[in-house]
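**Student:** build me a structure from this.
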Amino acid sequence: MRIIGGKLKGRKLRAPGKPTASGGLDIRPTLDPVREALFNILGNSIEGASLLDVFAGTGAVSVEALSRDAGRATLLESSQRALLLAVANLSGCGFSRDLYRILPGDALSSLARLAESKEAFNFIFLDPPYESDLAEKALKIMRQWKAPSGGGKIILEHSSREKPVKGQGGLKRVDSREYGDTTLSFYEHR
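**Tutor:** All right, here's what the predicted structure looks like:
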């Protein structure tokens, strides 16, 4: 895993490597080609923007955003092992603590608290475990969340085998792009 673009382009990131009992990885980071595609789509709009990285894992998406001059990243993650990787990646890249915050604990509970606080984010990136109901639950929480002025985008990473949620209440899926086994679905507030 490496940073694809921005001021830290090419820097290696720490990645999980320990297989689970079922043979898979217990942490599934967003692959380099998918991150590259995502940030090509977002372009310069990431500069100065606030990012909420839900189910953040290794923090690779947040690191990529900060490398491309995002204003701030907030990471939600429940796995202690993933949090250690995220902290190692963020601090190893030299990002100061005022550029990011990590909210440990259940991602959906943290997401609900942030929604209640009415905190606004320009981009919300959701990367729940594949083939779970967590994406739908997260979108339900966010359907009443107000977008920042100028709009906001929600990006859901999911398995290409899964049908993306069309929308929830005030959210509408506006785009979907497939990259092998991974699909990125984009949502906006109506």
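**Student:** which secondary structure elements does the strand or helix carrying residue 116 contact?
**Tutor:** Assigned by DSSP states H and E, residue 116 belongs to helix 107-117. Packing partners of helix 107-117 (3 or more Cβ pairs under 8 Å, 6 or more residues apart in numbering; DSSP states H and E): strand 50-54, strand 72-77, helix 134-142. Using the backbone N, CA and C atoms, a C-beta is placed for each residue, glycine as well.
**Student:** at 6 Å instead, please
**Tutor:** helix 134-142 (3 or more Cβ pairs under 6 Å, 6 or more residues apart in numbering; DSSP states H and E).
**Student:** what sits up against the strand or helix carrying residue 91?
**Tutor:** Secondary-structure element containing residue 91, defined by DSSP H and E: helix 80-92. Here helix 80-92 makes contact (Cβ atoms under 6 Å, 6 or more residues apart in numbering) with 13, 14, 27, 56, 57, 58, 59, 63, 75, 77, 100, 104.
**Student:** for the last one, list the residues it contacts.
**Tutor:** Residues touching residue 104, when contacts are defined by Cβ under 6 Å, 6+ apart, comprise residue 83.
**Student:** next up, the contacts around residue 187.
**Tutor:** Neighbours of residue 187 in contact, by Cβ under 6 Å, 6+ apart: 154, 171, 173.
**Student:** and the lowest mean pLDDT element among the helices and strands of the chain?
**Tutor:** When the helices and strands of the chain are scored by mean pLDDT, DSSP states H and E, helix 134-142 comes last with a mean of 89.
**Student:** I'm done for today, thanks for sticking with me.
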